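Enquirer: Structure here, sequence nowhere to be found:
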């Protein structure tokens, strides 16, 4: 679980007062994790870079109107998530490539038929976008329930429950995809054997 960052707290208060150097330091501290999150979310490096920049533009515009004590990291991730949702709605498709979510177990015979990254992408695409965001933020970005709740305008308890459901839905989708791949390969193999079977 992430702890509050005293350096962030100081920089935010200075930036809220209009100090541009303080905001530049906040950008330096947070642009890499934000960019990585958006790339995992969208699977498009150029779009992730554009939305990272847009996130900081919006943050700079809105920062002076925020209250003292702003938790900058979940606030930035909330802005980034909303921008990503808008982009996904425009594209009408979801392409996430997170790593480290799948427990390393494969259905028998699936290795070599589907790349692991592709199976993960396909399984995540079957989840609700909010479940996808919760998985990325909790399991890849390692944010606390409190931070994720702030990023997704929810409560920590709701995030915990949604994460449990998201993991279950992901495992089910992952198993379905690998089972389908195994069945398809098995059928193709049977057909090939029949075609090459010598006639009596």
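Expert: Arrived safely. It should be emphasised that the depicted structure is a prediction, and the values quoted were computed from it without experimental measurement. Residues are numbered from 1 along each chain as shown.
Enquirer: what's the domain layout of this structure?
Expert: Domain assignment for the chain, taken from automatic domain parsing, gives 1-93, 99-200.
Enquirer: Now the weakest link among those domains, please, by mean pLDDT.
Expert: Least confident of the domains of the chain, judged by mean pLDDT, is domain 99-200 with a mean of 75.
Enquirer: who touches residue 36 in this structure?
Expert: residue 141 (C-beta atoms under 8 Å, 6 or more residues apart in numbering). From N, CA and C alone the C-beta is placed, and that goes for glycine too.
Enquirer: Can you tell me the closest non-neighbouring residue to residue 150?
Expert: Computed as C-beta to C-beta, 6 or more residues apart in numbering, the closest residue to residue 150 that is not its neighbour in sequence is residue 74, at 3.5 Å.
Enquirer: quick one: contacts for residue 158?
Expert: residue 149 are the contacts of residue 158 under C-beta under 8 Å, 6+ apart.
Enquirer: how about the residue nearest the centre of the chain, phi and psi?
Expert: Closest residue to the average C-alpha location of the chain: residue 136 at 3.4 Å, with C-alpha atoms, centre = their mean. Reported as degrees, to the nearest 10, the phi and psi values for residue 136 are phi -60, psi -50.
Enquirer: where's it relative to residue 39, distance?
Expert: In this structure, residue 136 and residue 39 are 10 Å apart, going by C-beta to C-beta, to the nearest Å.
Enquirer: now do residue 140
Expert: Distance from residue 140 to residue 39, by C-beta to C-beta: 11 Å.
Enquirer: do residue 154 as well
Expert: Counting by C-beta to C-beta, the gap from residue 154 to residue 39 is 23 Å.
Enquirer: Among these two, which residue is more densely surrounded?
Expert: Remark: of residue 154 and residue 39, residue 39 carries more neighbours, 20 against 16, as counted by other C-beta atoms under 10 Å.
Enquirer: The chain: helices as residue ranges?
Expert: 6-16, 20-42, 45-63, 72-91, 116-125, 129-135, 145-151, 156-195 (DSSP state H).
Enquirer: which residues are contacting the fourth one?
Expert: Contacting residues not belonging to helix 72-91 are listed as 2, 5, 8, 11-12, 26, 30, 34, 37-38, 41-42, 47, 51-52, 54-56, 58-59, 66, 94, 129, 133, 137, 141, 143, 146-153 [C-beta under 8 Å, 6+ apart].
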